[in-house]
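Participant: for reference, the sequence and a predicted model appear below.
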Amino acid sequence: MVKLWQTFLNNMSFVAVCAGIILGLFLLGKLSERLLPNPRSISKARRLTIISICSALAAVLHILDFPLLFLAPEFYKLDFSELPVMLCGFYLGPSAAVACEGLKILLKLLMKGTSTAFVGDFANFAVGCSFVLPAVIVYHTARKKKTAVWGLVLGTVVLAVFGSAFNALYLLPKFAEMFMPMEAIIAAGSAIHKGIDSVWSLVLWCVVPLNLVKGISVSVLTLLLYKRVARPLFGK
């Protein structure tokens, strides 16, 4: 009974942390949007339609994730679901990007469910927002290619730093608490990189490179595709 109660408390604390971070990201998106110059003016119906289309595309790309076994253990997977989210944010702004990221996760859960008791899904949302939000905010200060490039560079840096610290300080300990011992997680990393012997070395050798690969790939695709898909996707 004591163990059951402790499990319940641990899960409640996880839900509370998730809810707090999700709410904070939505508020950050809204606040930053109010401070940006020349917001794009479109109807609510069109805005909702664009967010829905981009979220559906992102959910499909999220389901098509795959491991990079030469970089990280199998439970770390790469996907390109932030690409439609980034395109949506570039066109509509920060709050739309956060909404798109959240709806992406909900659609993925409806289509595929969760295999990590929502830990991985929450991680994807929070880390995805850490990448998309800085890029979108910088781009909307002056919607030009130069600010897009700088925004994507900043987003990639924030993704690498925040994603790595978040893994080391919260996600990996929570994953170890709910699924597999930390020793087994570290052993999975050391099977790929011999120098891994702690949580922080696992993050340094596995999480940082994976986040950089994702950030750079999505950034390049965004720069190549945004102008090309703006008319068919957004009616621009």
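Facilitator: Perfect, thanks for sending it.
Participant: make it CA atoms for all contacts and neighbour counts henceforth
Facilitator: Will do.
Participant: what stretches of this protein score poorly on pLDDT?
Facilitator: 1-15, 116-117, 236 (pLDDT under 70).
Participant: now do the helices in it.
Facilitator: Secondary structure of the chain (DSSP state H): helices located at 2-35, 44-63, 82-92, 94-112, 119-139, 145-166, 172-178, 182-190, 199-202, 208-234.
Participant: Pro94 contacts Phe131, correct?
Facilitator: No. Between Pro94 and Phe131 there is no contact under CA atoms under 8 Å: 11.5 Å.
Participant: the more surrounded of those two?
Facilitator: More neighbours surround Pro94 than the other of Pro94 and Phe131, with 33 against 29 (other CA atoms under 10 Å).
Participant: list the contacts of that one.
Facilitator: Residues near Pro94 by CA atoms under 8 Å, 6 or more residues apart in numbering: 29-30, 32-33, 133, 136-137.
Participant: taking these together, which two end up most distant?
Facilitator: Within those, Lys30 and Val136 form the most distant pair, 12.4 Å apart (CA to CA).
Participant: for these two, work out which one has more neighbours and name it.
Facilitator: Neighbour tally, Lys30 and Val136, criterion other CA under 10 Å: the higher count belongs to Val136, 31 against 16.
Participant: show the contacting residues for the more buried one.
Facilitator: With contacts defined as CA under 8 Å, 6+ apart, the neighbours of Val136 are 86, 89-90, 93-94, 97, 148, 151-152.
Participant: same question for Ala165.
Facilitator: Contacts of Ala165 (CA under 8 Å, 6+ apart): none.
Participant: what of Leu212?
Facilitator: Residues near Leu212 by CA under 8 Å, 6+ apart: 156-157, 159-160.
Participant: if you set the cut-off to 10 Å instead, what comes out?
Facilitator: For Leu212, the contact set (CA atoms under 10 Å, 6 or more residues apart in numbering) comprises 156-157, 159-161, 218.
Participant: cool, and Ser95?
Facilitator: 25-34, 89, 101, 133, 136-137.
Participant: among those, name the buried ones.
Facilitator: 25-26, 29-30, 33, 89, 101, 133, 136-137 (16 or more other CA atoms under 10 Å).
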